[in-house]
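>>> show me the folded form of this:
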Amino acid sequence: MYSNFALAVCLAFASVSPNADAFVPSSVGYLQQHGTVVQAPRAFAARRYDASSSSSVVVRMGDGAAVEGASSTLVRKPDSAVELTITAPASATKAAFDKAIAEVSKQISVPGFRKGAKIPPQVIENTMASRGGSKYALREQAIGTLINELIEPCLKDEHNLEPIGQPELVVGAEELAKQFEPGKPIDMAIKCDVFPDVKWEEVEGQEKPYFGLTGKYKRKPFNEARFNKALGDLKDKYATLSDMEEGKSLEMGDACVVNMVGYMAQDDGKTKGEPLPNAASGDNVEIILGDGRYMEGLVEGLIGAQVGDTREIYVSFPEKLRDKTLAGKKAVFDVEVLSASIRTVPEVTDEFAAQVRDGLTAESLTSELRKAIDEEDLKEFVDERNKALAASLADRLNCDVPDTIVTNQARDKYSLMMTDFRDNGMADEEIKKMISPENFLKYKEIEKPDIVRDFKVSMATDEIARLEGIEVPSNAVDEQMANLRKEAGDDEFDEAKIRPNVESTLLRRQVFDFLNEHSSLEVEYVDEDGEFDEQMMSKLAEESLEREKQLAEKEAAEAAAAAAATEATDTPVAAAAPIAGPEPVVEEEKVEKAVAEPDVEAPVAEDPTPATAVEKDYSSMDEGERAFNILVDLGMVDLTPDPDSPDYDSSKDDEIAG
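Residues are numbered from 1 along each chain as shown. Below is the predicted model of the structure:
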C-alpha cells in the first residue's frame, strides 16, 4: 500500500504528464514492496480474438433500460489496443440527450425559469455558451453518457474483451457533438486498450508449451552433513537396548541410568561450590553416550564407568542455555551409575523402512529424506530459481502488453522511487524538480522491459493455474493473513486489499513449483562460503585490459589530432578541402547525457569517432543501484570525479580543500 507521499507524487505527476486523462484505475495488482506483478482477469485470460469483428446485440444502459439495435465494429491495433466504432440507435441518442438536459437543469439557473424546471435545450445551450461554456455542452455530455454506458457491454458481451484504461474518442468530443442529433443514430469511433489474449509459442518435443522451461540459477550443494544427521536421528529413534554384561565398561553409543548431584564449580573449575538448583540435578536420569547430546564433559566423564561406580565429572554449561544464571558456567557433578545397556542402532534396510512407514523401502526412505532436506535448503534459493523460470516463461508467451499497463506500472514505480528518495533524506524541493513528463518518459522507457516481462509472467501463471486446476487452500491464505495482521500490530490493516495479493502470491509460488517439476533448469552449485570464481576474474581482467587499450588508443588519437592541428596552423592554406571519411554513426540513446567540452586555448581537431553510450543492464541491478543509475542518466546527479582519471581537473583541488 502507498504512503500519503507516494499518492501525492502519483497525483502530482498525473497533473503534469502528457495525456493525463489516461491515468485512471485499471486492473493492475501489486505484490511485495516494489513488486510489479500484474493480475489479469481469469475469465478473459485464455480467449483468442479476430483482428476485426462486428456484432449487434441488446445492451442495457446504466438505469437498466434496454438499448436495441446498438451495434459495433472492432479493429485490432498494436499493443493490445482496439478501435471500436459504436452505432448508437436513435432511441439511445434521445435518451442520453434527455438525461443530459435533466441533469443540467438541476444545476443551472436561467432567468425566467425555476431551478429544476424543464428548460428547453436551446435555452440551456445558449446560456452555457454566454457564460463561457461550449455551445455543444449538452451534446458532449450526451455523447459521454453513451460511451460510458455502451463501451463496456459492447467490448465484453459482443467481442469478449476486457477494457482497461481510459477510452479516447478518435474524433474530438466537440467535433462529434456537431454531428450529434437527438433521436438520430450516430457512429462513435473510440480507441481503447484491452487485456491481451494468451498465445503460447509452439515448443517442439514438449507435451505442453510451458513444459521444459530452460535457464540457470545458483544454489548451495546438497547438504550431506544435514542428511546424515537426519538419518542418524531417525535411526536413533528406533534403537534397541539390551542388558550389559556384568563388569563391562560403558563405551560411546551405550546407554545408562544415573543419579546426578551438581555443584557450581569454583574458579579452578574442579572444586565444589554451592549446590546447583534441583532442576540441574536429578535421579534416574537416562543418558545416551553420544557426541553433542549434553553439556560438555558429561559423556566423556562416563566413558569407562561400570554399574555401581560414582564419578566426579567436570562440565561446562552451554553459552546459549535458557537459564542465564548457568549459561557458560562450570560445574561439578557426582554421578552414580545405576544400570547400563548396550544400545543397538539399526541399519537402513527394507525391514527398518517398513517400521518407519508401511510400504517404504530402504531406497524410497533415503530418497524421501534426501528430497526433504534438499527442499528445505532450496527455500533460500527459491527466488533465484523462480527468476530463471520466469525469464523462460515470458519467452513462451506471445502477447502484446497494453500501453495503459506499462504507463500505470511505471508511474507507480516512479512514485515509489521518489518516496524512497524522501525516506533517505532527499529534500522535497529536489524531488519536485524530478517530477516532469520528460523524466517520467525516460524512466518509463527504462522500466518497460521489466514491466512487460512481469505482466507476461503474471498472465502465464494465471493461465497455467486455470489449465492445471491449481488452487490455493483457504487455510494457507488464512495463515498468511494472520501472520501479516500480527506484524502490522496496531497499524491499519486493510484485509480486503491485502487478501487478493496474498492469494496471488501463494498461487504464483504453487505454479512455479509445478513448472519446476517439469522444467529443464540447469543448477550451478556454489559452496556456502564461496570459492574463487576463476571465470569471473578472467572476465574482469579482460575488461580491464580492454579499457586500458581503449584509453591508450584515445590518447594516441588525441596526440595525433593535436599534432595535425599544429601543423595546419603553421602552414597557410587557401581553403581547407574536406577529408573524405565515413559518416559518424550516432547511436540513439534512451537517456540524454550532458558532455562537458574541455576549456582549451588552442583549437583542437575533433575526434571523428563519436562517443558511444554504454548500454546498462538495469535488470541485473538491485533497487538502490538502479535508482542511482537512473538519476545519473536523467542528468539529476553528477558522478564524483575520479582523481585517477586522465581527464580529472585538479585545478580546483586547493579551492575545494580550502
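>>> what are the buried residues along the one helix or strand A465 maps to?
A465 is part of helix 437-468, with elements assigned from DSSP states H and E. For helix 437-468, a neighbour-count test (16 or more other CB atoms under 10 Å) marks 439-440, 442-444, 446-448, 450-465 as buried. Bear in mind the C-beta positions are built from the backbone N, C-alpha and C, glycine included.
>>> which strands and helices sit next to that helix?
helix 382-396, helix 403-423, helix 495-517, helix 623-633 (3 or more CB pairs under 8 Å, 6 or more residues apart in numbering; DSSP states H and E).
>>> which is the next helix or strand following it?
Following helix 437-468 in sequence, per DSSP H and E, is helix 474-488.
>>> what about that following helix, average pLDDT?
Averaging pLDDT along helix 474-488 gives 88.
>>> can you give me the distance of K94 to G144?
Applying CB to CB, to the nearest Å, the value for K94 to G144 is 16 Å.
>>> kindly report the same for D79.
To G144, D79 is 25 Å away according to CB to CB.
>>> got it, and S364?
68 Å.
>>> all helices of the stretch 1-150 of the chain, in order?
Under the criterion DSSP state H, counting those that start in this stretch, the stretch 1-150 of the chain carries helices at the ranges 4-16, 90-107, 121-130, 137-153.
>>> measure Y314 to Q266 for me?
Counting by CB to CB, the gap from Y314 to Q266 is 11 Å.
>>> which one's more surrounded, the two?
Looking at Y314 and Q266 with other CB atoms under 10 Å, you find the greater number of neighbours at Y314, namely 17 against 13.
>>> which residues are in contact with that one?
When contacts are counted by CB atoms under 8 Å, 6 or more residues apart in numbering, Y314 touches A265, G269, K270, G297, G301, K330, A331, V332.
>>> let's see that with 10 Å instead.
265, 268-270, 296-298, 300-301, 330-333 (CB atoms under 10 Å, 6 or more residues apart in numbering).
>>> ok, now F514?
Y210, T461, I464, A465, E468, I470.
>>> how about the closest residue to T240 other than its chain neighbours, phi and psi?
Excluding its sequence neighbours, the residue lying closest to T240 (CB to CB, 6 or more residues apart in numbering) is T344, at 5.0 Å. Per-residue torsions, T344: phi -110, psi 120 (degrees, to the nearest 10).
>>> kindly report the same for the one 5 residues further on.
With angles defined as degrees, to the nearest 10, T349 shows backbone torsions of phi -120, psi 170.
>>> for it, which non-adjacent residue is closest in space?
A362 (5.5 Å).
>>> hmm, the one you found is touching K235, no?
No: using CB atoms under 10 Å, A362 is not in contact with K235, being 11.8 Å away.
>>> any shared contact partners between those two?
What both A362 and K235 touch, as defined by CB under 10 Å, 6+ apart, is the set E347, V348, F352.
>>> pLDDT at the residue nearest to T349, what is it?
Looking at A362, its pLDDT is 94.
>>> how near is it to K156?
59 Å.
>>> same question for E312.
E312 sits 86 Å away from K156, going by CB to CB.
>>> more crowded one of those two?
K156 (16 against 12).
>>> now the more buried one, nearest residue through space, not along the chain?
In this structure, K156 finds its nearest non-sequential neighbour in E162, 6.8 Å apart by CB to CB, 6+ apart.
>>> retrieve the pLDDT associated with A563.
Predicted confidence (pLDDT) for A563: 59.
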